[in-house]
Every structure is written in structure tokens, then in C-alpha cells.
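1. 3D model of this:
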Amino acid sequence: QARILDAAAALFITQGYERTSISGIATRARVSRAAVFWHFGTKAGLFEETVRRLLGPFLEEMRGSLSHLPPRKRIFELIELYESFVTTWREPILGFVRWALESPETWAKLQAPLFALHDVFSKDLCEAFEELLHDRAEAERLSAMLASTLDGTLLLDVLESDQSHRKLR
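-> Numbers count the residues shown, from 1 in each chain. Model prediction:
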């Protein structure tokens, strides 16, 4: 299963969902096509599991031991975690953007896990801001603003290849 998921991730990221075949995945993973279908059922099922696997490390780290930190420190740690994830997982993120742009069907498959991850991140930010400000409405506004800024920066980083601009952002 691990070899299949590794092969699927590599091919989905570089070729996109539509241009990746089960045969190509099986060949790269050194398994039969039947083994791919046995473990994952369909190409869509394999894609969904691949996305979950790519997003897993970020989600696990967010669920980790940040809650014990004071709220101000937790906000900075969440921002650092986001930046670390974006830097470490740049190629899969480029793949996600490519998938989203290449077809509405692919984007539909990506929406649920990406938005769920984003919601967890935003909720953690909101809780930290609320502890600092004791104002739920203001905490929601600030966490939405910060998450949107980080997302915008991520999208600009994906679209802009100039390293100096990335560092400045």
C-alpha cells in the first residue's frame, strides 16, 4: 500500500489526476493493476487517500502539543507551522493547485479534505485570539484575516518563482 501511495502521489503531483493512469501507478509501484484496485477500489479512492496522506503530517502536527502554549506564543507557532508545511510540502501543494485548475472534477475531490484542514487551522487561530482578546467576534475576524493572508501568500508563492519575492512575503 505504501509503495502504491508513494507512486500515486508522485504521478498525481507531476501529471495531474486526469493524466495519471492506474497502469502507470502500478508500474511505478512495482505491483499489478489488480493490487491497486484491491487496496483502493477506484482511481478516485486512491486519489482521496493520497490527498489525505499528503495532508496528514500538517494535521497531526496541528493537533499536537500546541494547545498548552500561551495564546500569543501559540499564534506564532501556528504561523511557523503553516510556513514549515508550505516549505516542506511545496511540490504537493503545486500539485494541488494544478489539480484545482485542471478540472472541476479534481477540484471537487480536493475541496473536502483541504477545507477541513483549513477549518482546523482557522479554529486553532481563533481560539488563541479569543484567549488573548476575550472577544469572540474580534477573534473570528482576526483569525479569518490571518488565515486569508497566509493563503494568499501561499498562492502567490506557488505562482511566483522568484525566490527573493517569496522571502520578502
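2. For residue 31, what are phi and psi?
-> Phi and psi for residue 31, reported as degrees, to the nearest 10, are phi -130, psi 170.
3. Isn't it up against residue 3?
-> Yes - taking contacts as C-beta atoms under 8 Å, residue 31 lies within contact range of residue 3: 6.6 Å. C-beta here means a position set from N, CA and C on the backbone, and glycine is covered the same way.
4. Between those two, which is the more surrounded one?
-> residue 31 (17 against 14; other C-beta atoms under 10 Å).
5. what's the nearest residue to the more buried one if we skip its chain neighbours?
-> residue 4 (6.2 Å; C-beta to C-beta, 6 or more residues apart in numbering).
6. Per-residue pLDDT of that neighbour, please?
-> pLDDT for residue 4: 96.
7. max-length helix in this structure?
-> helix 104-133 (DSSP state H).
8. Give me the mean pLDDT for the host helix or strand of residue 83.
-> Residue 83 belongs to helix 71-88 when assigned by DSSP states H and E. Mean pLDDT, helix 71-88: 88.
9. Please tell me how far the most centrally placed residue in the chain sits from residue 12.
-> For the chain, the residue nearest the mean C-alpha position is residue 55 (4.5 Å; C-alpha atoms, centre = their mean). To residue 12, residue 55 is 13 Å away according to C-beta to C-beta, to the nearest Å.
10. One more: residue 32?
-> 19 Å.
11. Look at those two and report which has more neighbours.
-> residue 12 (26 against 12).
12. OK, contacts around that one?
-> 20, 47, 50, 95, 99 (C-beta atoms under 8 Å, 6 or more residues apart in numbering).
13. How confident was the prediction at the residue of the chain positioned farthest from its centre?
-> For the chain, the residue at maximal distance from the C-alpha centroid (C-alpha atoms, centre = their mean) is residue 134, at 30.3 Å. Note on residue 134: pLDDT of 97.
14. Could I get the phi/psi values of it?
-> Torsion angles, degrees, to the nearest 10, at residue 134: phi 60, psi 40.
15. and what of the one 10 residues further on?
-> With angles defined as degrees, to the nearest 10, residue 144 sits at phi -60, psi -40.
16. contacting residues around residue 78?
-> 62, 66, 121, 124, 125, 128.
17. Need the max-distance pair from these.
-> 62 and 128 (12.0 Å; C-beta to C-beta).
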